[in-house]
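>>> Here is a sequence together with a model predicted from it:
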Amino acid sequence: MKHTYLITGMTCGGCASSVEEQLAKVEGVRKVDVDLEKAEATISMNNHVSLQDFRAALSDKYSISMKTEEAVPQDLPVQQSKWKQLKPLFLIFGYLFVAAFLLNFKDWGYSNAMLDFMGLFYIVFSFFKFLDLKGFPESFRMYDPLAKTVPFYGKVYPFLELALGLLFLMRFQITLALILTIVILGITTFGVIKSLLDKKSIRCACLGTALNLPMTEATFIENAIMLIMAFVMLFQF
């Protein structure tokens, strides 16, 4: 096992020799090669040695840090698949569909089921955002155009979702709630599409910051479902 580290504080060949000697004394180290010009130390080791151990071995004159390209250890687990990352989102959607169906199966009406789904959607998703009201706006403004332009919008967004959820569930001012849904989710969906086209690797803030969900096509589909429902219901009302 071999890693290259950045060394600061070396000013001469004597410094390089001193660093090499000090690092070589760390348990598990086989060989140390110090390059004064590059300010680097290439260390061969029998097993992984933590950066803290190397720092403890060096005198206060020198400091050691991992090179950027090697900052992630090679023995870390493989990154999770999109399915595993988005599993919480799919589970929540499944529960919402089932809940909306069970609330209306005795006296079935797809209009009421859709309104219940939309209301539950907003209530549940706002809940996750309320878990970290301070952190959510920063994540949200990464892709929402309005939140990027008007930071205050990101701060009130969870409260807006909660209010819309209550309007749908209470069957109060439904037309207004549907129009607001189309406008709000339309803006967000535009930002999601742009982020996907630009292939930006950012976090989806749909479930706040409690869950680390990547921005993927599933985020677009989630918003698209709500927009389609809102348009269908608006034509009815």
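Sure, I can see it. Numbers count the residues shown, from 1 in each chain.

>>> rest of the way, CA atoms for contacts and neighbours
OK.

>>> So, low pLDDT: which residues of the protein?
Scanning the chain for pLDDT under 70 picks out 68-83, 200-203, 209-212, 214-215.

>>> domains of the protein?
2-70, 82-236 (automatic domain parsing).

>>> Near the nearest residue to residue 140 once chain neighbours are set aside, how many residues? Count them for me, please.
Of all residues beyond its chain neighbours, the one nearest residue 140 is residue 205 (5.5 Å), with distances taken as C-alpha to C-alpha, 6 or more residues apart in numbering. A total of 27 residues lie near residue 205 under the criterion other C-alpha atoms under 10 Å.

>>> I'd like the distance between residue 205 and residue 120.
18 Å (C-alpha to C-alpha, to the nearest Å).

>>> cool, and residue 88?
16 Å.

>>> Who has more neighbours out of these two?
residue 120 (24 against 15).

>>> The strand or helix carrying that one: how far from the chain's middle?
Using DSSP states H and E, residue 120 sits within helix 110-130. How far helix 110-130 lies from its chain's middle: 22 Å, per C-alpha atoms, centre = their mean, to the nearest Å.

>>> Just the buried positions in that helix, please.
In terms of neighbour count (16 or more other C-alpha atoms under 10 Å), helix 110-130 has its buried residues at 112-130.

>>> what residues does that helix touch?
96-97, 99-101, 103-104, 136, 158-159, 161-162, 164-169, 205-210, 226, 229, 233 (C-alpha atoms under 8 Å, 6 or more residues apart in numbering).

>>> hmm, try it at 6 Å
100, 158, 161, 162, 165, 168, 169, 207, 208 (C-alpha atoms under 6 Å, 6 or more residues apart in numbering).

>>> What of stretch 149-164?
122, 123, 126, 137, 147, 177.

>>> ok but residue 7 is inside a helix, no?
No: Residue 7: not assigned to a helix; according to DSSP: H, G, I helix; E, B strand; the rest coil it is strand.

>>> Setting aside sequence neighbours, what's the nearest residue to it?
Counting by C-alpha to C-alpha, 6+ apart, the residue nearest residue 7 is residue 64, at 4.7 Å.

>>> try residue 51
residue 65 (7.3 Å).

>>> Quick check: next helix or strand after the helix or strand harbouring that neighbour?
Using DSSP H and E, residue 65 sits within strand 63-66. Downstream of strand 63-66, the next assigned helix or strand under DSSP H and E is helix 82-104.

>>> what about the residue nearest to residue 51, how many neighbours?
Counted with other C-alpha under 10 Å, residue 65 comes out at 17.

>>> what angle do the helix holding residue 120 and helix 82-104 make?
With axes from the mean of the first three to the mean of the last three C-alpha atoms, to 10 degrees applied, the angle from helix 110-130 to helix 82-104 works out at 130 degrees.

>>> Quick one: name whatever helix or strand follows helix 110-130.
Following helix 110-130 toward the C-terminus (DSSP H and E): helix 136-140.

>>> Could you look up the next helix or strand downstream of that next one?
For helix 136-140, the following helix or strand on the C-terminal side (DSSP H and E) is helix 145-149.

>>> Now that following helix: buried residues?
145, 146, 147, 148.

>>> and what of stretch 23-31?
Buried residues in stretch 23-31 (16+ other C-alpha under 10 Å): 23, 24, 26, 29, 30, 31.

>>> Turn those into TSV, including distance to residue 198 and secondary structure.
Below are the buried residues of stretch 23-31 laid out as TSV (distance: C-alpha to C-alpha, whole Å; DSSP: H, G, I helix; E, B strand; the rest coil):
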residue	distance to residue 198	secondary structure
23	44	helix
24	46	helix
26	46	coil
29	44	strand
30	45	strand
31	44	strand
